[in-house]
Every structure is written in structure tokens, then in C-alpha cells.
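K.L.:
Provide a 3D model corresponding to the input given below.
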Amino acid sequence: MKLGLKGDPSPITPDSQAMADGTGSDAPKPWRAVYLEAANFISPSIWLGLVCWALIGGVGGRLSMFILRVTSDDDLRGMKTDDDFTIGQFSGDTVFLVLVTAVLGAAGGLVYLGVREWLPRSWRAVLFGLLAATVGGALVVRPDGIDFTLLDPLWLAVGLFVVLPAAYGASLSVFAERLMASARLRQGRWTWLGILPLGLLAVTGPVGVALLLLLGLVVAANRSGRVTLLWRSGPVTWLGRGVFATAVGLGAVLLVRDVVDVL
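P.N.:
Residues are numbered from 1 along each chain as shown. This next block holds a predicted model:
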């Protein structure tokens, strides 16, 4: 009996589908091979998350603030936003913003790898974009801040900072799925590149280090592919879908509450 989604690459090791078909071996792989295969699979999503959010959230976010500065009162020029950036100026703070969003985008790539197995393949881009829009929008839209009280028009300010995370989630899913299905990935050309963005997570502090340790433990536990098979099993899939739906619903409730307060 086959487990999981036919044709999907494994979230940790490429050979786990063969095990599910009964054609693979239960013998554990050498540790070096285990971690290299994991890096080869994980790295495309991390890199795409990094690039997508650096461009959409970092550069796109600053361009959005520029648009809002043009449409708002001229007296706002030079004021500090809620994130301590100067309205109407592109400076070294913009570079810092792009770097921060890049690291957060890389983490988002890991989140996508964790939840993609729970989502119907044809709806992954839409659903992950919805998750990013609701949760990301709820985190960004602040009724008591400058960004969503003094900027004008308010509907444009809210719309831009909900659309940006939605675009990130959808684009990450689309490009990640295409890349993970490509021959280049199966040939292992991403193996060593995967180490670089993981290093970025390590410098973010205790949270990043803890995330890396957890990832390492998961890969170690999946040495024979059993964690992958469990993750793809029916009960875990439906439980994961429930958690995913709860996150979207909670994010939507918080976002609507903040939007109502702003408008």
C-alpha cells in the first residue's frame, strides 16, 4: 500500500517513497549521506523563501511606503514609521530591512516544507498565500501605530501590507514546487548551497539555533525514512490540516479586528 502523495519528493530523503512502495531497504544510510540529501531537498525552498521575501517584503515594502508617502500629507516626510524607518528616505535602514526580511523569508521556506505535505497539490500556492496573508497581515497591521493611522488612504495602506505577504506565500509555493520537481534537484546540485541559508538562521540568535537543532534531530530521526512516512500518513495529514486551518482562521480573526479598528 502506498502512503502519501504519489510523485511528491520526500520532505527529507528522496528514497522514502521507494520504502513506501516496498522496494526500498530498511537499512539506515550513512550519516553523511543522510544530511547531504536533507540539505539537497531543503535548500531550494529556503533559498526561494529568502529571495522572495527579500524582494517582496523588503524592496516591495519600502516601495509601498514610498507610494503611501506620495499619497499622504507632506508633513509626514521625515517621520519614523512603526518599524523605525524614515518616511520618504531610502537609506542604510532599507538595506537592513531587506536583510531582515531575507532571513525571515528563509524561515518561511522551512515552514512551507513542513506544511506542504498536508495541502492538496493544486491548492498549495493559494492556501500558503492565504496563511501568509492572514498571519502576516495580522502581525503587520497595527491600529495604534503611525503606519495605519496617519498614512492616507488607510485602505491602501492595509491592502498593500496584506497583499505583500500573500504574494510571498503564493510565489514561494509556485517556484518551490517547480524546482523540487526538476531534474537539477534530483541530481543533487543544491546540496552544498543549502548550508549557506541555514547559516543565516544560526546568526539570528537562540531561536535560530534552536530551529537548526530541531531540524538536525528530525533529519537524524528520519535516517531510515520512517519520519517521512509518518508525516505523510493519513492521521498526521488530517491533524496537520486542522492545525493549518486553525492558524489561518485565528490570523483572519485578528486581521479583521485590526482592519476594523484602523478603518
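
K.L.:
hey, let's count contacts and neighbours off CA atoms from now on
P.N.:
Will do.

K.L.:
and the gap between Phe96 and Ala107?
P.N.:
17 Å (C-alpha to C-alpha, to the nearest Å).

K.L.:
these two - which one has more neighbours?
P.N.:
Neighbour count, other C-alpha atoms under 10 Å: between Phe96 and Ala107, Ala107 has more, with 22 against 12.

K.L.:
Leu212 contacts Gly205, correct?
P.N.:
No. Contact status for Leu212 versus Gly205: not in contact, 10.9 Å apart, counting by C-alpha atoms under 8 Å.

K.L.:
ok, the two, which is more surrounded?
P.N.:
Taking neighbours as other C-alpha under 10 Å, Leu212 and Gly205 compare with Leu212 leading, 16 against 10.

K.L.:
on the three-state scheme, the more buried one is what?
P.N.:
helix (DSSP: H, G, I helix; E, B strand; the rest coil).

K.L.:
quick one, strands of this protein?
P.N.:
With strands called from DSSP state E, the chain shows none.

K.L.:
near Trp53, how many other residues are there?
P.N.:
31.

K.L.:
where does pLDDT dip in the stretch 1-150 of the chain?
P.N.:
Counting by pLDDT under 70, the low-confidence segments of the stretch 1-150 of the chain come to 1-28, 72-93, 145-150.

K.L.:
can you show me the helices along it?
P.N.:
In the stretch 1-150 of the chain, the helices defined using DSSP state H, counting those that start in this stretch lie at 16-20, 31-53, 60-71, 92-115, 124-140.

K.L.:
between the ones you listed, which one is closest to Val260.
P.N.:
Nearest to Val260, of all the helices of the stretch 1-150 of the chain, is helix 124-140, at 11.9 Å by C-alpha to C-alpha.

K.L.:
give me the buried positions along the closest one.
P.N.:
124-138, 140 (16 or more other C-alpha atoms under 10 Å).

K.L.:
quick one on the thing from earlier: so which of the helices of the stretch 1-150 of the chain comes closest to Trp231?
P.N.:
Of all the helices of the stretch 1-150 of the chain, helix 92-115 comes closest under C-alpha to C-alpha, at 9.1 Å.

K.L.:
quick one: that closest one to chain centroid distance?
P.N.:
8 Å (C-alpha atoms, centre = their mean, to the nearest Å).

K.L.:
angle of it against helix 31-53?
P.N.:
130 degrees (axes from the mean of the first three to the mean of the last three C-alpha atoms, to 10 degrees).

K.L.:
all further residue positions should be reported with the first residue as 47.
P.N.:
Done: numbering now begins at 47, and the last item shifts to helix 138-161.

K.L.:
now helix 138-161 - C-alpha only, CSV.
P.N.:
Provided in CSV are the C-alpha atoms of helix 138-161 (Å, rounded to 0.1, in the frame of the first residue of the first chain):
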residue,chain,number,x,y,z
GLY,A,138,21.1,52.1,5.1
ASP,A,139,17.9,51.2,7.0
THR,A,140,16.5,49.9,3.8
VAL,A,141,19.4,47.6,3.3
PHE,A,142,18.9,46.3,6.9
LEU,A,143,15.2,45.8,6.2
VAL,A,144,16.0,43.7,3.1
LEU,A,145,18.5,41.6,5.1
VAL,A,146,16.0,41.0,7.9
THR,A,147,13.2,40.1,5.5
ALA,A,148,15.6,37.7,3.8
VAL,A,149,16.3,35.8,7.0
LEU,A,150,12.6,35.7,7.8
GLY,A,151,11.8,34.5,4.3
ALA,A,152,14.3,31.7,4.7
ALA,A,153,12.5,30.6,7.8
GLY,A,154,9.2,30.8,5.9
GLY,A,155,10.7,28.4,3.4
LEU,A,156,11.2,25.8,6.2
VAL,A,157,7.6,26.4,7.3
TYR,A,158,6.4,25.7,3.7
LEU,A,159,8.4,22.4,3.6
GLY,A,160,6.7,21.4,6.9
VAL,A,161,3.1,22.0,5.8
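
K.L.:
which residues are in contact with that helix?
P.N.:
Around helix 138-161, the neighbours that count as contacts under C-alpha atoms under 8 Å, 6 or more residues apart in numbering are 57, 88, 91-101, 103-105, 108, 131, 174, 218-219, 243, 246-247, 286, 290.
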